[in-house]
Structures are given as C-alpha cells and as structure tokens.
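> pasted the sequence and its predicted model underneath.
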Amino acid sequence: MAFTKSEPEQTPETLENKSVSSISDTPETLTYKSIKHNYLYYYIVPTSYSRSIIKALLQNIIYYGRESSRSSCSKIIFKKVLLKVPQLLKNVKLCAIIIVCGERDANMDDEKKIKIVNEIINDAFWLSYILELKRKLTDYNTKEVLTHFLLFYGSIFCGETISAKFGGMAKSATTTEQEIEEFRNNNLKHCYTMTSNTAKRVIEQMGIDLDNYVFDIVLTLNDSTLLDTNFRSWNYNKAEKEKLLECVVSTPNAWVEELMPDIYETALDLLKEHTENLVNKLSCNQITQKSYSSQKLYINSILTSNDKIYILQRYGHVKLLSFFDALFEKGISIKYKGLVIDSKTFLTKCKAILIEMLYNDSKSNNIAVLDEIFLLNKNTIPPEFYPKNRSIRDNLHYGDYHYLSDEEWKLVQEYQDVYLKNVLDVFDKNISYNFGFAYKIGLWLAKVYKWSNE
C-alpha cells in the first residue's frame, strides 16, 4: 500500500475556497492535504477511505488540528480556521478527531497524542452528557445540582481547551477568554477565609452571621441529607454572570456536537437505556432547599470562623462528587473506533482535581480542619497514592499525558474514596441541622419580621 502526502502551505483564506470534492484517494494511494500556519496543522480525511487505510491513520482517528507553541499562532487565525473546517466538511462523515501537535510537541509519540485527545473527548463527552440529563429533568432543584457540578468542572474544561488552543468556547459565545480564565481560577484556586476580599464581599452580601441566629444561608438537601449550601454559588445568581455561566455549561456540548457529531450521536444512541435509567434515578431523588442559620449549623462546633467559612465553600464540592459517584455507580464505558469513553475515568479525574485543590488550600492558609483531615489520611492512605493522584489531576492541562498502570489506577481509585470519606467525616462532625418544631417557629418569626419591614 502506498501513501503519498501533499502539504501545500496555504492560508485559511485559501482553505475557505477549497471544496471537499478536491480531496481524493484511491484504494491503493492516500493523498491528504494540510494547511500550515505558524505550526498549525489540519489533516482532513473523509470516510470514503477504505477501513484499512483509515486504520493506518491511527485507528480510525482523524488528525484535526492543534497548535502547541502558544506564542506562534494568532488566536484569531486559529478560531477562523477551526470554525471553517467543520463547515467545509459538513457533507462528509468524520470517523473521529485527533489533534496534531505543533513544533513544541514534534517529538511526542503518536500513542501519547491519541491519549491526550481521548482525554479531551472523554471530559467533553461526560460534561455534555450530564447536560443532556439535565435537559430531560423537570425538577428545578435537581437541575440546579447538575448545573453547579457543570459550572465547576466545565470552567476547568473551557479554560484548559482555550489555553491549549483546542477550540475554546462555543461560536455563539460573547464571553471573553479572560472572563473564562478568571472564573476557572476563582473556582479552582481561590480559598475563602475571613481575610479574603472575595469571601468578605460574599459574607456581607449574604448577611452571613456566624454568631447570631439569623436565616442567612440556604441548604440543598438530598433526601434530608446535606448536599450543598448556596455560599460557594452565591456569585452564580448575579445577572451580569448569566452569559458567562451559560457559556461554561454549553461549551463542552457545543464542542462535541460540532467537532465530532457522529461520535457523539452514536454514543448517545448506545446509551439510550442508560440515559432513561439515570433520568429516572435522578427524578426519584428528593432534592429540596431550606433556609437555615449558619450559627445553628455550627451550634455544636468549636471551629474558628475561618474553618466554618471554609466548610461552607468546600462542602458541596465533596458531596456533589459522592452524588455523581452514586449516580454512575456501576460505571459506563464505550469503545468506539479507537476511542474509550468511560465515566469512571472522568470521575476519577474530577476527584483528583478536588483532592489536589484541598492540598493547595492548605499551603497558604491556616485551616485546622484540613490538618485534621491530613492526619486521618496519614493513617489510612499510603504515600505512593499522592504522586499518582497528582498525575491524573495534571492530565487536565491537555498538553501532556501522564501514564498509569492498571494497578496504579486501582490504587488511586481506592484511596480517593478513602480520602474523600475522611473529608466528609471531619466536615460532618462539625455541622448539625434540624428541621423540627423549633426550626419552623424560628423561620415563621423571621418571615414575619421581614414582611413587617417591607
């Protein structure tokens, strides 16, 4: 079998004038074209190629494009080409997508390139799939739980795809890349303490009073068990954030629908039965929201204000991962044309991100509950767990791929659950909530007082 390759240097403008029919092949000879612009490459392969030829192109996976040398390619040029190629190929069914690395990754082996792209596709798929589940729900509170999960992990996906030049936001987005970056960093890096300007602002706006009995927070409960509070999501409810939040939630979905529509539709079709079961499972949850007092929440605790604020910020992150772990309890895995789409891999990465975030919180803040958690971890988690967990977390950057053996994956998955159980054990022993008669009287009096002052 002979392979020939043509690589004319063309600008995006030249590409726009090319028709799909100009890309041709015979069973024995493969000719594919690319455009090159400051180390930006696109390889276009129609599915008319025989199976054996396509398999030779990295197991049915199409080279689509990636620019790794960040300073060498104009973002405007990148976006322009990226948006034109799918339009150009709208009548050609794509098998799949892989990204060709630029100058910086010229020596990266093909297997690692495939791993990186599979990582991106897996992340995008599950974020998009959770959005599909949300769209099928009718209960507002349950939909909000899914939204909060998507906002946190979706902001990381958007920020990293922009940073790695993998396509970024949806075409219709009016949100700027700087807004995405700031939102990502606020979610991933900002740790609220009593001295934090952001925390001070939220505390003031919400009227948080840790010392007096006032109804200053809202608890989200799943079958009467605490799932989250509105403290960490307070800024989500502002009108000026609406377009940003919509962009973050919708971008992974737009990414898979535009850049790999056939794969996405095939996967959704394969998951029809799973989807029905998951929607039914979600609909059976009793997700409720109740006004409560932060002072009462910590009535039996001797924690400092710093620790109390910290738990309000981080509690929902940990509990939502438990919620999705239970939702995808048995795991879902799809192998399709060389790709592996796996829910456990996705959730393992989410847990790795959260665990590393908790560690980073401790590095520059004096938070006693974290010291207690780390002491528990020292007695229950082997030291070799941490670098392996870090490797999985670092795969969020999409610029490299960190390999783990099957045994290392099992080790990480086992002790991630131990770690997060330790976190919840420490958090839960410091909080309490009761919705009995005294609560109802207190809430009624608070409403009367509010009405009398309106």
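Good, I have the coordinates.

> got the residue ranges for the helices in the stretch 51-200 of the chain?
51-56, 75-88, 110-135, 140-163, 177-188, 197-206 (DSSP state H, counting those that start in this stretch).

> now the element after the last one, going C-ward?
Put plainly, it is helix 197-206. Per DSSP states H and E, the first helix or strand lying C-terminal to helix 197-206 is strand 217-222.

> mind saving the C-alpha coords of stretch 415-433 as PDB?
Taking Å, rounded to 0.1, in the frame of the first residue of the first chain, the C-alpha atoms of stretch 415-433 are listed here in PDB:
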ATOM      1  CA  TYR A 415      -7.700   5.700  48.100                       C
ATOM      2  CA  GLN A 416      -9.500   8.600  46.500                       C
ATOM      3  CA  ASP A 417     -12.700   7.300  48.100                       C
ATOM      4  CA  VAL A 418     -10.900   6.900  51.500                       C
ATOM      5  CA  TYR A 419      -9.600  10.500  51.200                       C
ATOM      6  CA  LEU A 420     -13.000  12.000  50.400                       C
ATOM      7  CA  LYS A 421     -14.600   9.900  53.200                       C
ATOM      8  CA  ASN A 422     -12.100  11.400  55.600                       C
ATOM      9  CA  VAL A 423     -13.000  14.900  54.400                       C
ATOM     10  CA  LEU A 424     -16.700  14.300  54.900                       C
ATOM     11  CA  ASP A 425     -16.200  12.700  58.300                       C
ATOM     12  CA  VAL A 426     -14.400  15.800  59.500                       C
ATOM     13  CA  PHE A 427     -16.800  18.200  57.900                       C
ATOM     14  CA  ASP A 428     -20.000  16.400  59.100                       C
ATOM     15  CA  LYS A 429     -18.900  16.000  62.700                       C
ATOM     16  CA  ASN A 430     -18.700  19.800  62.900                       C
ATOM     17  CA  ILE A 431     -22.100  20.600  61.500                       C
ATOM     18  CA  SER A 432     -25.700  19.800  62.500                       C
ATOM     19  CA  TYR A 433     -29.100  20.700  61.200                       C
END
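
> off-centre distance for that stretch?
Per Cα atoms, centre = their mean, to the nearest Å, the displacement of stretch 415-433 from the mean C-alpha position of its chain is 23 Å.

> I'd like to know which of the helices of the stretch 51-200 of the chain is closest to N434.
Among the helices of the stretch 51-200 of the chain, the nearest to N434 by Cβ to Cβ is helix 140-163 (20.4 Å). From N, CA and C alone the C-beta is placed, and that goes for glycine too.

> for Y236, which of the helices of the stretch 51-200 of the chain is the nearest?
helix 140-163 (6.6 Å).

> sorry, back to before: tabulate the helices of the stretch 51-200 of the chain (a markdown table), appending mean pLDDT, mean neighbour count and distance to F323.
Formatted as a markdown table, the helices of the stretch 51-200 of the chain follow (pLDDT from 0 to 100; neighbours: other Cβ atoms under 10 Å; distance: least, Cβ to Cβ, whole Å):
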| stretch | mean pLDDT | mean neighbour count | distance to F323 |
| --- | --- | --- | --- |
| helix 51-56 | 40 | 15 | 40 |
| helix 75-88 | 40 | 16 | 35 |
| helix 110-135 | 88 | 20 | 11 |
| helix 140-163 | 90 | 21 | 7 |
| helix 177-188 | 86 | 17 | 18 |
| helix 197-206 | 90 | 15 | 23 |
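
> need those in a markdown table with distance to I353, can you?
Below are those laid out as a markdown table (distance: least, Cβ to Cβ, whole Å):
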| stretch | distance to I353 |
| --- | --- |
| helix 51-56 | 34 |
| helix 75-88 | 26 |
| helix 110-135 | 11 |
| helix 140-163 | 7 |
| helix 177-188 | 8 |
| helix 197-206 | 20 |
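
> any low-confidence regions in this protein?
1-110, 166-173, 239-240, 454 (pLDDT under 70).

> centre-most residue in it?
Y153 (2.6 Å; Cα atoms, centre = their mean).

> contact partners for the nearest residue to that residue once chain neighbours are set aside?
Excluding the flanking residues, the one nearest Y153 by Cβ to Cβ, 6 or more residues apart in numbering is C350, at 5.9 Å. When contacts are counted by Cβ atoms under 8 Å, 6 or more residues apart in numbering, C350 touches Y153, L321, F324.

> hang on, the earlier thing: wait, which of the helices of the stretch 51-200 of the chain is closest to K290?
So among the helices of the stretch 51-200 of the chain, helix 140-163 is nearest, using Cβ to Cβ, at 10.8 Å.

> report the inter-axis angle for the closest one versus strand 217-222.
Using axes from the mean of the first three to the mean of the last three Cα atoms, to 10 degrees, the direction of helix 140-163 lies 100 degrees away from that of strand 217-222.

> contacts for stretch 189-199?
186, 200, 202, 232, 305-306, 309-310, 312-313, 357, 360-361, 364-365, 367.

> domain assignment for this protein?
Here the domain parsing of the chain from automatic domain parsing is 2-107, 119-437.

> would CSV of the ones you listed with distance to A446 be doable?
Below are the domains of the chain laid out as CSV (distance: least, Cβ to Cβ, whole Å):
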stretch, distance to A446
domain 2-107, 51
domain 119-437, 5
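
> quick check: which of the ones you listed is buried the most?
Compared across the domains of the chain, domain 119-437 shows the largest average neighbour count, a mean of 18 (mean count of other Cβ atoms under 10 Å).

> endpoints of that one, how far apart?
Across domain 119-437, the terminal residues are separated by 51 Å (Cα to Cα, to the nearest Å).

> what of stretch 226-242?
End-to-end span of stretch 226-242 (Cα to Cα): 26 Å.

> so how far is that stretch from its chain's centroid?
Taking Cα atoms, centre = their mean, one finds stretch 226-242 lying 17 Å from the centre of the chain it belongs to.

> what does stretch 220-237 give?
In terms of Cα atoms, centre = their mean, the centre of stretch 220-237 is found 19 Å from the chain centre.

> who touches that stretch?
Identification of contacts with stretch 220-237 by Cβ under 8 Å, 6+ apart yields 141, 144-145, 148, 151, 186, 192, 202, 205-206, 208, 217-219, 241, 245, 285-290, 309, 312-317, 319-320, 323, 431, 433, 435.
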